[in-house]
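Chemist: Just need the structure, nothing else, for what follows:
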Amino acid sequence: MSKRKKSKHSAILKRYNRQHFDKVENFTGFVVETAKQGEMVKVQTHGTLISDDPLFYTYIDQISSIFLRNILVNAIYQFLVIIHDNLTADVYYNEIPIKILMLSKRAFKKGEMVFNNDIADIKELVFENIKISDTDKLIYCFKVGWKFGLFFDLHRENNPLNIKNIQLDIGAMYRYLSFQYVYDIVDSEMNFETLVNDGWFPFIEILGSDFKEISEAYKNYPPLLERANRIIEKFDSERINKISSKWWKNTIFAEKKMIIETALNAYAQDTNEGFITCIKIIVTELEGILRFNLFNETGKGKDVHVRDLLNHILDKGKDKTGSEFSLFLPRYFLKYLETSVFAQFNIEAGGLSLSRHTSSHGVAKPEDYTKCRALQMILILDQIYFYI
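Modeler: Alright, predicted model coming up:
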């Protein structure tokens, strides 16, 4: 390393709030059950907790009493403890240089501000300019909004610290806390079912303030239609064009541009006729996109069933983000597609909700061709774009 680089690195380190311990106890983890002296006991050496969990406070009080005893705890909003194999330790707090790797919904220029509404997914959290070795033990606590997350990995005997994995684990916890309102509603079977039955989903495009408003409506049951209409009215021609402009970078979408733009232009007419045209086009074209994507990647074109298409898009969502718990919500999106888009129909039983099949077979109810459903079709198409 050159002298110039060394001095720059030293200057960065001086800006951190850092406290060094010459000697600490060999901290291994937390006992998870009561035991008498001499009895075998279970110890949790690796874990993630959020401040909704009462156990968070049991753990954090003990950690604070050891590593933050000389610091005003009320002023702390994040801290990182690194325990070295020689039992020295370094504690960094508040101004810790971190980088969050995320997938954005739109293009950015260097230096531009990022807002929650811009985030499509959060993948990992990286500590910058802080040396972490695979022999170290690590504790990290951080704040998102008015909640905290706690991560620890404390067992090192023949078990090297996997730095990449901890970055992913912490990133997942940061993602959960940032978008807890999304996970709360999909984890509530009743609320999620009601949401899906109305054609809604935590679409990537509406993650942020739009879906937060919708999710509150479904959790607290105020007038749903009023809130939904407020969201729908935000999707004017400018926003629809901004959404669709990125689609044409994908070859399959680009080949269907003329057909898809016909649907979008029909939506922009803001008439019942326009909404019918929009839905009729998109509900069939999105299946074609899934079929071409499957064919291009696997060579399968014959004897392909809807189940094959859905399983493939599920796998695409997992592969794209590296996790089935990402904000792409692949497992839940699969259920949504099965229930809301590719649902079968039954004329005798009156099961004729608007879907790919009822629309294509001409048995969907005319009153279901609404502006809301047309917008949902556009958002489904956008979701598929992100997946493929």
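
Chemist: The stretch 1-150 of the chain: helices as residue ranges?
Modeler: 3-14, 54-67 (DSSP state H, counting those that start in this stretch).

Chemist: comparing those helices, which gets the lowest mean pLDDT score?
Modeler: Ranked by mean pLDDT, the helices of the stretch 1-150 of the chain end with helix 3-14 in last place, scoring a mean of 39.

Chemist: what residue lies at the spatial centre of the chain?
Modeler: L327 (2.2 Å; CA atoms, centre = their mean).

Chemist: Quick check: closest non-adjacent residue to that residue.
Modeler: For L327, ignoring the flanking residues on the chain, the nearest one in space by CB to CB, 6 or more residues apart in numbering is D121 at 4.4 Å. For the C-beta atoms, the positions are set from N, CA and C on the backbone; glycine is no exception.

Chemist: Per-residue confidence, that neighbour, what does it come out as?
Modeler: Reported pLDDT for D121: 95.

Chemist: Same check on the one 5 residues further on?
Modeler: On the pLDDT scale, V126 is placed at 96.

Chemist: Spit out the contact partners of it.
Modeler: Residues near V126 by CB atoms under 8 Å, 6 or more residues apart in numbering: 98-101, 167.

Chemist: Kindly report the same for N311.
Modeler: Counting by CB under 8 Å, 6+ apart, the residues that N311 touches are L334.

Chemist: How about V144?
Modeler: 174, 177-178.

Chemist: What residues are bridge-paired with it?
Modeler: Beta-bridge partners of V144, counted by DSSP bridges, are K147.

Chemist: how about the strands in this structure?
Modeler: Secondary structure of the chain, counting by DSSP state E: strands at 17-21, 30-31, 43-44, 46-50, 78-83, 89-93, 98-104, 119-127, 137-144, 147-153.

Chemist: Verify the stated contact: K365 with L352.
Modeler: Yes - assessed by CB atoms under 8 Å, K365 is found in contact with L352 at 5.8 Å.

Chemist: Neighbour count: these two, which is higher?
Modeler: L352 (17 against 11; other CB atoms under 10 Å).

Chemist: Now do the contacts for the more buried one.
Modeler: By CB under 8 Å, 6+ apart, L352 lies in contact with 345-346, 358, 363-365.

Chemist: State the distance from it to A343.
Modeler: Distance, L352 to A343, using CB to CB, to the nearest Å: 10 Å.

Chemist: Counting neighbours, what do you get for the residue nearest to K42 when sequence neighbours are not counted?
Modeler: For K42, ignoring the flanking residues on the chain, the nearest one in space by CB to CB, 6+ apart is V32 at 4.9 Å. Residues within reach of V32, counting by other CB under 10 Å, total 12.

Chemist: I'd say V32 and G47 touch.
Modeler: No - look at V32 against G47 with CB under 8 Å: they stay out of range, at 9.5 Å.

Chemist: pull the longest helix from this structure.
Modeler: helix 272-298 (DSSP state H).

Chemist: Which neighbouring elements make contact with that one?
Modeler: If you count contacts as 3 or more CB pairs under 8 Å, 6 or more residues apart in numbering; DSSP states H and E, helix 272-298 packs onto helix 251-255, helix 257-268, helix 306-321, helix 356-360, helix 371-387.

Chemist: give me that answer again for 6 Å
Modeler: If contacts are counted by 3 or more CB pairs under 6 Å, 6 or more residues apart in numbering; DSSP states H and E, helix 272-298 sits against helix 251-255, helix 257-268, helix 306-321, helix 371-387.
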